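A.B. asks: sequence plus predicted model, see below.
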Amino acid sequence: MVSWGQLGFQDAGSYFMEEFIYFHDFTMMIILGVLSYVVVFLILGLTSGWVNSGFVEGQLIEFLWTIFPALILVQIAFPSLLLLYLIEDFSKSFLVCKVIGHQWFWTYEISTESSDLLLTLDCYMLPRKGAFGMRLLMTDEYILIPVNVPVRILVTSDDVIHSWTIPSLGIKADAVPGRLNQLNLTLSRKGMYYGQCSEICGANHSFMPIMLLGAASPWFFAWLDRL
Amino acid sequence: MSSGVEITRPEGAIPLAQKYSGLSEEEVKKRIIAYNPPADSRFPNQNQTKNCFQNYVDFQRCVRLRGEDYKPCQFFERNYKFLCPTGWIEKWDEQLENNTFPVKL
């Protein structure tokens, strides 16, 4: 959950988001290093009346200041592409959650251990009074996902394009009518996670949040059985 | 139960908490994962539309070729019920009834 005045990422709730944060920190370190280096030499060069003759038509230095940045970019590309393919790697799932966007609420259809067992939930935003201070984030129903199991989320829409996302889990997919977009998720921590629709979809686009509870598997079964 | 919640379960189904009560968490995970649709290498990317539709079509073709009671057809049935939104399934079932389904079965 995000707090007022927060500048950085929310705490990661999934293994992928932890990796995204590491990658971000690694790339930011390189960016800041390069930026400092460039700014210092830029200021020194602009404030001095002298130019080193080795910088003009200097073959060696021009070679070095081309190769060195290219190597830095390769070093950024490796973890980037690794993560990009890792998040798409799917082999098995514990449950399938179909997310259907409507104007202006989300419907979840959850199937787990039987194709005849189907839980359908329509989640509407709670009005300001019922939201216990979590204005624009709370819904009347939430989905419960067990922790540490692979989950397959398939996102689509019934009318216009929406986008389903939970920032602290590092997942986002457009809900496009006539298309099923897959997200792979493994929660690493228990807790309540919030998200909001991320594609303009009409008058109440800001008022169709997402609420997901991560809990242990026995709680998941109890939640399914309660109905 | 609030109006936006609906659960469909088979007749006489045992509550899940009771069904899996004696087993370790690992064993429960293994059994349930085995029941879920597997990864299909024909559809490796994010767009799973065709995965859902193909399983539906394959089930219809299987049932027409081998009959309703042919057990291997249940693999396709399970897959499409897991993957396809119920609205899509209802629409296709209606198209089948009206003979307007876009694929020749």
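C.D. replies: The structure has been received and is ready for your questions. Numbering: from 1, shown residues only, chains lettered A, B, ... in the order given.

A.B. asks: which residues does the lowest-mean-pLDDT helix or strand in chain A contact?
C.D. replies: None of the helices or strands of chain A scores lower by mean pLDDT, DSSP states H and E than helix A:217-225, at a mean of 85. Residues outside helix A:217-225 that contact it (C-beta atoms under 8 Å, 6 or more residues apart in numbering or on different chains) are A:110, A:112, A:117, A:119, A:144-147, A:149, A:215, B:7, B:15-17, B:20, B:25, B:28-29. For glycine as for every other residue, the C-beta is placed from the backbone atoms N, C-alpha and C.

A.B. asks: please redo it, this time with the cut-off set to 7 Å
C.D. replies: A:Leu119, A:Leu144, A:Pro146, B:Pro15, B:Leu16, B:Ala17, B:Tyr20, B:Glu25, B:Val28 (C-beta atoms under 7 Å, 6 or more residues apart in numbering or on different chains).

A.B. asks: quick check: the two most widely separated of the residues you listed?
C.D. replies: Using C-beta to C-beta, the pair of the contacts of helix A:217-225 lying farthest apart is A:Leu119 and B:Glu25, separated by 20.9 Å.

A.B. asks: which one of the contacts of helix A:217-225 sits closest to A:Phe78?
C.D. replies: Nearest to A:Phe78 out of the contacts of helix A:217-225 is A:Pro146 (C-beta to C-beta; 32.7 Å).

A.B. asks: neighbour count for A:Leu119 and B:Glu25, which is higher?
C.D. replies: Taking neighbours as other C-beta atoms under 10 Å in any protein chain shown, A:Leu119 and B:Glu25 compare with A:Leu119 leading, 21 against 14.

A.B. asks: pLDDT value on the residue nearest to the more buried one when sequence neighbours are not counted, please?
C.D. replies: Closest residue to A:Leu119 apart from its sequence neighbours, by C-beta to C-beta, 6 or more residues apart in numbering or on different chains: A:Ile110 at 4.5 Å. For A:Ile110, the pLDDT comes out at 92.

A.B. asks: specify the local secondary structure of A:Ile110.
C.D. replies: strand (DSSP: H, G, I helix; E, B strand; the rest coil).

A.B. asks: so what sits opposite it in the bridge?
C.D. replies: A:Cys97, A:Leu119 (DSSP bridges).

A.B. asks: ok, the residue in chain B positioned nearest to chain A - contacts?
C.D. replies: Nearest residue of chain B to chain A: B:Gly4, at 3.2 Å (C-beta to the nearest C-beta). For B:Gly4, the contacting residues are A:Leu121, A:Asp122, A:Cys123, A:Tyr124, A:Asp140, A:Glu141, by C-beta under 7 Å, 6+ apart.

A.B. asks: using the three-state scheme, assign A:Trp4.
C.D. replies: Judged by three-state DSSP, the three-state class of A:Trp4 is coil.

A.B. asks: quick one: it and chain B, what's the gap?
C.D. replies: In this view, A:Trp4 and chain B are 31 Å apart by C-beta to the nearest C-beta, to the nearest Å.
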